[in-house]
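# From the sequence below, what's the structure:
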Amino acid sequence: MKLIVTLITILFLAGCSELLFYPERDVPLTPEKAHLPYRDLTLTTADGTKLNAWFLPAKAGVPVKGTVLHLHGNGGNMAWHLSGSYWLPEQGYQVLLLDYRGYGHSEGDPSLPAVYQDIDAAFDWLNKAPEVQGKPLVVLGQSIGGALGVHYLSEHPQQRSRVKALVLDGVPASYREVARYTLSTSWLTWPFKRPLSWVIPDSDSAINGITQLKGTPMLLFQSLDDSQVPLHNGISLYQSAPLPRVLQLTRGPHVQTFEDPTWREVMVRYLDDPQHFNGLRRLAEIPNYPDPDASKKTSSAPSETQPAESSK
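The predicted model follows:
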């Protein structure tokens, strides 16, 4: 009981936006170690904070289709999240991947609203970089990166007008609701899920900003197996999103979507025509994951599938 009281006290005293971020300073790999050409960049925010970013050019000989701004999740740093976008250069998409303040080699400490200056610095670079001009711009937001991107775009219509499409992967609709869900998964914290969740700021949550993104096509990936952002949270975000939007249900752990080449293909085909994309039902059926009874099934047994959903 003393441990619980101590935990509650710490959370209430530290009850602020810093609880949303879990940065790591150590950068275990670079794109070079993954055999990817890249440029190491330093971006400077409006308050003078210097951020580390990587620019991955499209693969040599592949026509450039556009540029993807990759906003990663709240744990680790961009090295941990390279798997979310390393594959895009081969498909003709340049990638700008940045570490928010306090992550990796970026200066400062992460907090709201300061972190929005980091996204602003990324857009400022994209607005000026010669290799980006005249190319479609896509924002890929994974987990909290998607929530940050939604709020930022809702507050910056001029930057939003440049975005061809917004791709969201495992994005929490509400920071507070996800905190309650996480607290409810342990008997130790379940009785305190509501009082503890109130220390989590919720005004910047994606569900409060996504309704402002009228005219911005959106593709939302949500895993049925996500243990961090539950299905009902992802669906509520989809339901709040204005048209045109598409919901793609997947299987597997939180924001591990692009480990599966099927979902990479879905994203690439979606980006070919975000306004009219209707290939999900044909492309992407979702097998059981994991299937504990696979060894018991005969080859003649039909597999269960879950069709993708779309707004079409």
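# for M78, what are its contacts?
V27, N52, A53, W54, H70, H72, L97, L98, D99, Y103, G104 (C-beta atoms under 8 Å, 6 or more residues apart in numbering). All C-beta spots, glycine's among them, are computed from the backbone N, C-alpha and C.
# Tell me if I'm right that the last one and L29 touch.
No. At 11.1 Å, G104 and L29 do not qualify as touching, with contact defined as C-beta atoms under 8 Å.
# Touching both of the two, which residues are there?
Jointly contacting G104 and L29 under the rule C-beta under 8 Å, 6+ apart are A79.
# more neighbours, these two?
Using other C-beta atoms under 10 Å, the more surrounded residue of G104 and L29 is G104, with 22 against 10.
# Number of residues surrounding the spatially closest residue to that one that is not a sequence neighbour?
Leaving aside its sequence neighbours, G104 sits nearest to N77 (C-beta to C-beta, 6 or more residues apart in numbering; 3.5 Å). For N77, the neighbour count with other C-beta under 10 Å is 23.
# And for L88?
27.
# ok, and the most crowded of the contacts of M78?
Going by other C-beta under 10 Å, Y103 tops those with 30 neighbours.
# wait, what's in contact with that one?
Contacts of Y103 by C-beta under 8 Å, 6+ apart are F21, P23, E24, R25, G76, N77, M78, P110.
# P57 versus that one, what's the distance?
Distance from Y103 to P57, counting by C-beta to C-beta, to the nearest Å: 23 Å.
# Ok, L82 next?
L82 is 15 Å from P57, by C-beta to C-beta.
# and if you look at I235?
36 Å.
# Next: R25.
Distance from R25 to P57, by C-beta to C-beta: 27 Å.
# Closest to A165 out of the contacts of M78?
Nearest to A165 out of the contacts of M78 is H70 (C-beta to C-beta; 13.4 Å).
# helix, strand or coil for that closest one?
strand (DSSP: H, G, I helix; E, B strand; the rest coil).
# what do you get for V268?
helix.
# show me what contacts the closest residue to it other than its chain neighbours?
Spatial nearest neighbour of V268, excluding adjacent residues (C-beta to C-beta, 6+ apart): Q91 at 5.1 Å. When the contact criterion is C-beta under 8 Å, 6+ apart, the partners of Q91 are V62, K65, R264, V268.
# Present those residues as a markdown table; the columns should include secondary structure and neighbour count.
Listed next are those as a markdown table, based on DSSP: H, G, I helix; E, B strand; the rest coil; neighbours: other C-beta atoms under 10 Å:
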| residue | secondary structure | neighbour count |
| --- | --- | --- |
| V62 | coil | 13 |
| K65 | coil | 19 |
| R264 | helix | 16 |
| V268 | helix | 16 |
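# any idea which of the residues you listed is the one closest to D47?
K65 (34.0 Å).
# And that closest one, how close does it get to D273?
12 Å.
# which neighbours do the two share?
The contact lists of K65 and D273 share no entry, where a contact means C-beta under 8 Å, 6+ apart.
# Report the two of the contacts of Q91 separated the most.
Greatest spacing in the contacts of Q91, by C-beta to C-beta: V62 and R264 (14.7 Å).
# Flag the shaky bits of the stretch 51-200 of the chain, pLDDT-wise.
178-200 (pLDDT under 70).
# So for L82 and P57, which sits in the more crowded spot?
L82 (23 against 17).
# I'd guessed that one sits against L97; true?
Yes. Counting by C-beta under 8 Å, L97 is a contact partner of L82 at 7.2 Å.
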